[in-house]
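A.B. asks: I'll drop the sequence and a predicted model, then ask my questions.
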Amino acid sequence: MHLGNGIICPVTGIPMMVVAAGAAIYAFKKAGINNEIKGGTLRIVSLTALVFALQMINFAIPATGSSGHIVGGVLLAALLGRYAGFLAMCSILLVQSVFFADGGLLALGCNILNMGFLACFVAYPFVFKPLADRNKPVLGAILASVLALQLGSIAVVIEGALSGSIAGASLMTFTGLMQAIHLPIGIVEGIVTAGIVLTAKYVETKKLSYSFGFVSLILAGVISQYASQKPDGLEWSLLNISNSVVMQTQGLLYNLSETVQAKSAIFSTMPIGSIAGLFTVAIVMYFVCLITNLCMVKDDAQ
């Protein structure tokens, strides 16, 4: 569901970047107040690395010619809290965009809203948490994951329409395709999320954190090379309306974004499953560790 620069124009992308930055600042302040950070650096770093690695593993969706991958927003919120989970997702999306060119720089704000905000601040508090509090975490994980992806796919449609990339009759077609293809992806994500959440209930935190870190390295460094090469849900949906898509590739801000990303995306040409995967997992770990330490410094100062 990573939007590229070509689908989002500056009129949509810049305001969404401001909104995403504001949400991240708010989450940074609230994460410490709600005790989501303190004493949990290892847990936060290892789980973020796991979600980042899971996003590398595209699985084929039978009879569609498409593929999907875990997004992980609900999982992060369920195990870290909504604020720390959102910060973790921001770190993942930032690293993917800057170093992998997976998602455009101009579309980064949109991607943070679609995959992070809606999962952590809508699906998690309104669906997962109430059901988990009633001792129904499996149902909560599945329903929240499905909702997060459905809301995210609708947001993509709205952002594409606001940018002028998709309009007219094709807009309804695109909406139907996005909703349909992300439903099975959401179900698979819900099952994976439920399994990890249940595991976390019965395994000691330190052991679980080391396990998450080890698994993330295996996923990123080895298993990712066997991921499906079929287009993901967003790409598949766009291919099905390709004659109606107007790419937003003109203007100074678009050219600037493409130029900067071309220079920063040092791992974009390296094959998946190579050392690039391990490097980027390490970069994500560093970013999240830096954020958690800054949160703790701020809390101690207060």
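C.D. replies: Ah, there it is.
A.B. asks: any idea which element the nearest residue to Pro130 once chain neighbours are set aside lies in?
C.D. replies: Excluding its sequence neighbours, the residue lying closest to Pro130 (Cβ to Cβ, 6 or more residues apart in numbering) is Gly140, at 7.4 Å. Glycine gets a C-beta too; all of them are placed from N, C-alpha and C. Under the criterion of DSSP states H and E, Gly140 resides in helix 137-162.
A.B. asks: Quick check: buried residues in the helix or strand just after that helix?
C.D. replies: Toward the C-terminus, helix 137-162 is succeeded by helix 169-202 as the next helix or strand (DSSP H and E). Across helix 169-202, burial judged by 16 or more other Cβ atoms under 10 Å covers 170-171, 174-175, 177-179, 181-182, 184-190, 192-194, 196-197, 200.
A.B. asks: Report the secondary structure state of Gly13.
C.D. replies: Assigned with DSSP: H, G, I helix; E, B strand; the rest coil, Gly13 falls in the helix class.
A.B. asks: which residues does it contact?
C.D. replies: Going by Cβ atoms under 8 Å, 6 or more residues apart in numbering, Gly13 touches Asn5, Gly104, Leu106, Ala107, Leu108, Gly109, Cys110, Ser163, Leu253.
A.B. asks: Correct me if wrong: the second one contacts Thr12.
C.D. replies: The reference is to Gly104. No - with contact defined as Cβ atoms under 8 Å, Gly104 does not count as touching Thr12 (11.7 Å).
A.B. asks: tell me the contacts of Cys110?
C.D. replies: Per Cβ under 8 Å, 6+ apart, neighbours of Cys110: Leu3, Ile8, Thr12, Gly13, Met16, Ala155, Val156, Glu159.
A.B. asks: repeat that with 7 Å
C.D. replies: By Cβ atoms under 7 Å, 6 or more residues apart in numbering, the contact set of Cys110 is Leu3, Ile8, Gly13, Met16, Glu159.
A.B. asks: One more: Gly164?
C.D. replies: Contacts for Gly164 (Cβ under 7 Å, 6+ apart) come out as Cys9, Val246, Gln248.
A.B. asks: Going through those residues, which ones are buried?
C.D. replies: Cys9, Gln248.
A.B. asks: what would the contacts of Gly164 look like in TSV with secondary structure?
C.D. replies: Below are those laid out as TSV (three-state DSSP):
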residue	secondary structure
Cys9	coil
Val246	coil
Gln248	coil
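A.B. asks: Sketch out the low-pLDDT regions of the stretch 101-250 of the chain for me.
C.D. replies: Counting by pLDDT under 70, the stretch 101-250 of the chain shows no low-confidence range.
A.B. asks: swap the cut-off to 80 and go again
C.D. replies: Residue ranges of the stretch 101-250 of the chain with pLDDT under 80: 169.
A.B. asks: could you dump the contacts of Cys110 to JSON lines with distance to Cys90?
C.D. replies: Output for the contacts of Cys110, formatted as JSON lines (distance: Cβ to Cβ, whole Å):
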{"residue": "Leu3", "distance to Cys90": "15"}
{"residue": "Ile8", "distance to Cys90": "17"}
{"residue": "Gly13", "distance to Cys90": "16"}
{"residue": "Met16", "distance to Cys90": "13"}
{"residue": "Glu159", "distance to Cys90": "18"}
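A.B. asks: If you rank the residues you listed by neighbours, which is first?
C.D. replies: Greatest neighbour count in the contacts of Cys110, by other Cβ atoms under 10 Å, goes to Ile8: 29 neighbours.
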